[in-house]
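J.: need coordinates for the below:
(one chain, ligands or ions: 2)
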Amino acid sequence: MGAPACEHRVPVFLGDRSYDILIQAGSLNQLGDICQGVGLSGRIAIISNPIVHALYGRVVQRVLKRAGFACITVLLPNGEPAKSMTWLGKILDELVAKRFERRDAILALGGGVVGDVAGFAAASYLRGVPFVQVPTTLVAQVDSSVGGKTGVNHPLGKNLIGAFYQPKTVVIDPHVLQTLPKREWVAGLAEVIKYGVIADQGFFEFLENHIEDLRNQHETVIPDMVRRCCEIKAEVVAGDEREAGRRKILNYGHTVGHALEAWGKYSTWVHGEAVGIGMVQEASIGQFLGRCDREVVERQTELIREVGLPVAMPKWGFSDLWSGMQHDKKVVKGQINCVIPESIGRVQVLPLDRSDLQKWFSQTNVHGKRRTTDPHKRVSQNRLSKKK
Ligand SMILES: NC(=O)c1ccc[n+]([C@@H]2O[C@H](COP(=O)([O-])OP(=O)(O)OC[C@H]3O[C@@H](n4cnc5c(N)ncnc54)[C@H](O)[C@@H]3O)[C@@H](O)[C@H]2O)c1
Ligand SMILES: [Zn+2]
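T.: Ligands and ions are numbered 1, 2, ... in the order given. Okay, the predicted model is just below:
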């Protein structure tokens, strides 16, 4: 049986590892057919967490069972601590205990945390078993479920242990976002805005013109918005699966963002919030280095702020920022690869050394306001009048 007709189908072209991202309201109910459609025939291990499982676990089990799949369920604890070697080990223990075989599959039902660790389990168990992503947060639907980056954190740094491992398909049901806590929805918007800045000025303008809809999580904007993000990610990943070059642009906001997450012990900001602050700061670095105009920084900051994301840096010192960056994979020979916007829709990757960053840090007031006259109020008024 083939996969059911789909509102949006975004192909990810990766040779024999190609797959489709299916975006359709209600697609959770069609998971059984979809799994059959991508060739699964064995058992399925559903990896989830107690929050997501309580909401959607039963329906997923039911539709898979109806399609003839025997399922087991492994629940990880909620939150970033589940992305650890300990919890990866627990999944693998369970697969071994239940004698999972090569044709059996792993299905991630949850946000980016569940998807990353379940994907790494799928990559490593028996050197690779089929994997299906069913992302349930906005971050996971527009970003983490697509592109095959899987892994866990090390106590000294995020995502330091992992593998590139592509899913057989990604099944996105925008309906599930309705139960997402507001904070998690807004956090996902940071990754959405990121796509506009790195690759699509028109999409950025669309977001600027739909701020109310975004804030209110209006269902009419969601499928098209998620589709555009997936298209951009799919195109970037298809051109550079293992991040030798262009894929690095997807890390925009993440150099500072990951340092912030680590400094906040993964509990002060959720991932998307840290990325939002990171984008504001990385654009500020670009402006400081003369690579982009103030207007770019201002437009981006305003959009991030208006959708409800934090923009201010904490009161930390330069050494906190620099040491937080050192465990990042983007560090090469002491230099850090930082993505800098040139204009809305175009970015470049710049290797920066400690002195570049130190100068920027000491010459800009990174705790919210700039030392130069703060233009945000004036810009807000200009943009609002333009929108009318
Ligand atoms: N692999 C990649 O390419 C990639 C890209 C971006 C982010 N990430 C990773 O993703 C992680 C962040 O993912 P996240 O933001 O999805 O966080 P998350 O997975 O922790 O989920 C956020 C919260 O939402 C809850 N939740 C999930 N779906 C829900 C739903 N439909 N209704 C109600 N509650 C729901 C979760 O239980 C959790 O409490 C980070 O570890 C980050 O590094 C990976
Ligand atoms: Zn991210």
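J.: how about the residues of this structure by ligand 1?
T.: Contact residues (Cβ under 6 Å from any ligand atom) of the chain with ligand 1: 49, 51-52, 55, 78-80, 83, 110-114, 116, 136-137, 139-140, 143-144, 147, 149, 159, 176, 179-180, 184, 187, 270-272. In this view, the C-beta of every residue, glycine as well, is placed from N, C-alpha and C.
J.: quick check on those residues: which are buried?
T.: Buried members of the residues of the chain next to ligand 1, counted by 16 or more other Cβ atoms under 10 Å: 49, 51-52, 55, 80, 83, 110-114, 116, 136-137, 139-140, 143-144, 147, 149, 159, 176, 180, 184, 187, 270-272.
J.: following whatever helix or strand I277 lives in in sequence, what is the next regular element?
T.: Using DSSP states H and E, I277 maps to helix 271-288. Counting by DSSP H and E, the element after helix 271-288 in chain order, helix or strand, is helix 294-306.
J.: and that next one, what does it pack against?
T.: On a contact count with 3 or more Cβ pairs under 8 Å, 6 or more residues apart in numbering; DSSP states H and E, helix 294-306 meets helix 182-199, helix 201-208, helix 211-215, helix 271-288, strand 335-343, helix 376-387.
J.: that one to strand 335-343, inter-axis angle?
T.: 100 degrees (axes from the mean of the first three to the mean of the last three Cα atoms, to 10 degrees).
J.: next, the angle helix 201-208 makes with helix 294-306.
T.: Using the same axes, to 10 degrees: helix 294-306 against helix 201-208 is 40 degrees.
J.: please save the CA atoms from helix 294-306 in PDB.
T.: Output of helix 294-306 as PDB, limited to C-alpha atoms (Å, rounded to 0.1, in the frame of the first residue of the first chain):
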ATOM      1  CA  ARG A 294      22.600  48.100  11.000                       C
ATOM      2  CA  GLU A 295      19.200  47.600   9.300                       C
ATOM      3  CA  VAL A 296      19.700  43.900   9.000                       C
ATOM      4  CA  VAL A 297      20.400  43.600  12.800                       C
ATOM      5  CA  GLU A 298      17.500  45.800  13.600                       C
ATOM      6  CA  ARG A 299      14.900  44.100  11.400                       C
ATOM      7  CA  GLN A 300      16.000  40.700  12.700                       C
ATOM      8  CA  THR A 301      16.000  41.800  16.400                       C
ATOM      9  CA  GLU A 302      12.600  43.300  16.000                       C
ATOM     10  CA  LEU A 303      11.000  40.200  14.500                       C
ATOM     11  CA  ILE A 304      12.600  38.000  17.200                       C
ATOM     12  CA  ARG A 305      11.400  40.300  19.900                       C
ATOM     13  CA  GLU A 306       7.900  40.800  18.500                       C
END
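J.: what about that helix, distance to the chain center?
T.: How far helix 294-306 lies from its chain's middle: 20 Å, per Cα atoms, centre = their mean, to the nearest Å.
J.: and the contacts of it?
T.: 190, 193, 197, 204, 207-208, 211, 215, 276, 279-280, 283-284, 286-287, 311, 341-344, 375-376, 379-380, 383 (Cβ atoms under 8 Å, 6 or more residues apart in numbering).
J.: for it, buried residues please.
T.: In helix 294-306, counting by 16+ other Cβ under 10 Å, buried: V296, V297, E298, R299, Q300, T301, E302, L303, I304, R305, E306.
J.: which one among those gets closest to ligand 1?
T.: Closest approach between those and ligand 1, by Cβ to the nearest ligand atom: I304, at 16.2 Å.
J.: do you know the pLDDT at the closest one?
T.: pLDDT for I304: 98.
J.: just to revisit the earlier point, can you redo the helices and strands packed on helix 294-306 as a markdown table with mean pLDDT?
T.: Output for the helices and strands packed on helix 294-306, formatted as a markdown table (pLDDT from 0 to 100):
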| stretch | mean pLDDT |
| --- | --- |
| helix 182-199 | 98 |
| helix 201-208 | 98 |
| helix 211-215 | 96 |
| helix 271-288 | 96 |
| strand 335-343 | 93 |
| helix 376-387 | 36 |
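J.: closest one to G26 among the ones you listed?
T.: helix 182-199 (19.4 Å; Cβ to Cβ).
J.: for the closest one, packing partners?
T.: Short answer (3+ Cβ pairs under 8 Å, 6+ apart): helix 182-199 packs on helix 138-139, helix 201-208, helix 211-215, helix 222-239, helix 271-288, helix 294-306, strand 335-343, strand 346-352.
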